[in-house]
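>>> Next comes the sequence, and after it the predicted model I'd like to discuss.
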Amino acid sequence: MFEKNINLIDFQTIFVTLVVCGVSISRVIPHVYNFSPVIALAIFGALHYKHRKLSYIVPLISLLFSDIIINNFIYDLSNHLVIFYEGFYWQYISYVIIIFLSSKYNHKKINIKNTSFLVITSSILFFVTTNFGYWLTSGLYSYNLIGLFKCYVNAIPFFEGTLLGTIFYTPIFIGLYYFLQKKIIYLQSKHLIY
């Protein structure tokens, strides 16, 4: 009876969710600008969730929760509760695009070539999307190609942190999961190919 019930529990989904939520909350720990695990989490979740909806829902909700903590308790941006900060949608749009791109690799082999492609492409997508949004909404740059170019050039130092953070965290999440699922049968999933 117990074995029958334990087989109904999807340990793999629970574990991936715990990793995504736990690491999202770790964003409150001070770190170098843009050197964060967020893009790596989007890639990791999209590759490891069996159900595509979860690869969007869990990371985005945990990011929103950690944003609420950061904006209200770390940075204390205002005297009232801040749920959505200015320009948040450009970051969340980029995460959705990254999850969509990464989910296309969900049933493909998880190897260095595919993971490297996702790391570099996702970092570039985040850079292009968020800085386009900043150019469009900040009012700091002229609304022409020169202004857009200046915005991207000024954002290059932040891109370095984004790329290095994604390069650092993605192999850690994927590699640790790979070794854990080799040792713990309940974490193995038929849709993962290493």
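Cool, got the structure.
>>> got the residue ranges for the helices in this protein?
For the chain, applying DSSP state H gives helices covering 2-8, 11-25, 38-48, 52-69, 88-103, 112-138, 145-154, 156-183.
>>> what's the angle between the fourth one and helix 38-48?
Regarding helix 52-69 and helix 38-48, their directions subtend 160 degrees when assessed with axes from the mean of the first three to the mean of the last three Cα atoms, to 10 degrees.
>>> And helix 52-69, what's buried?
L54, S55, Y56, V58, P59, L60, S62, L63, S66, D67 (16 or more other Cβ atoms under 10 Å). C-beta here means a position set from N, CA and C on the backbone, and glycine is covered the same way.
>>> Now distance to L148 and pLDDT too, for these, in CSV please.
What follows is the buried residues of helix 52-69, written out as CSV (distance: Cβ to Cβ, whole Å; pLDDT from 0 to 100):
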residue, distance to L148, pLDDT
L54, 36, 92
S55, 31, 92
Y56, 29, 94
V58, 34, 92
P59, 29, 91
L60, 27, 92
S62, 32, 89
L63, 26, 89
S66, 30, 85
D67, 26, 85
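>>> pLDDT score for I9?
pLDDT recorded at I9 is 64.
>>> Could you list the low-pLDDT ranges of the protein?
1-9, 76-78 (pLDDT under 70).
>>> residue contacts, T137?
By Cβ atoms under 8 Å, 6 or more residues apart in numbering, the contact set of T137 is E86, G87, W90.
>>> ok, for the last one, nearest residue in space, not its chain neighbours?
Translated: W90. Nearest non-adjacent residue to W90, counting by Cβ to Cβ, 6 or more residues apart in numbering: G133, 2.9 Å away.
>>> Y33 versus that neighbour, what's the distance?
17 Å (Cβ to Cβ, to the nearest Å).
>>> between those two, who's got more neighbours?
When G133 and Y33 are compared for neighbours, G133 comes out ahead with 18 against 11, by other Cβ atoms under 10 Å.
>>> Next up, the contacts around that one.
Neighbours of G133 in contact, by Cβ under 8 Å, 6+ apart: G87, Y89, W90, I93.
>>> Count the residues that sit near the second one.
Spelled out, that is Y89. Neighbourhood size, Y89 [other Cβ under 10 Å]: 13.
>>> again, but for the third one
The local packing count at W90 equals 18, with neighbours defined by other Cβ under 10 Å.
>>> so it touches F132, yeah?
Yes: W90 is in contact with F132 according to Cβ atoms under 8 Å; the separation is 7.4 Å.
>>> Now H51: closest residue in space that isn't a chain neighbour?
According to Cβ to Cβ, 6+ apart, the nearest residue to H51 is T13 (7.3 Å).
>>> and what of I184?
The shortest distance from I184 to any non-neighbouring residue, by Cβ to Cβ, 6+ apart, is to F11 (7.9 Å).
>>> ok, now how distant is that neighbour from K50?
Noted for F11: a distance of 11 Å to K50, by Cβ to Cβ.
>>> No further queries at this time; thank you.
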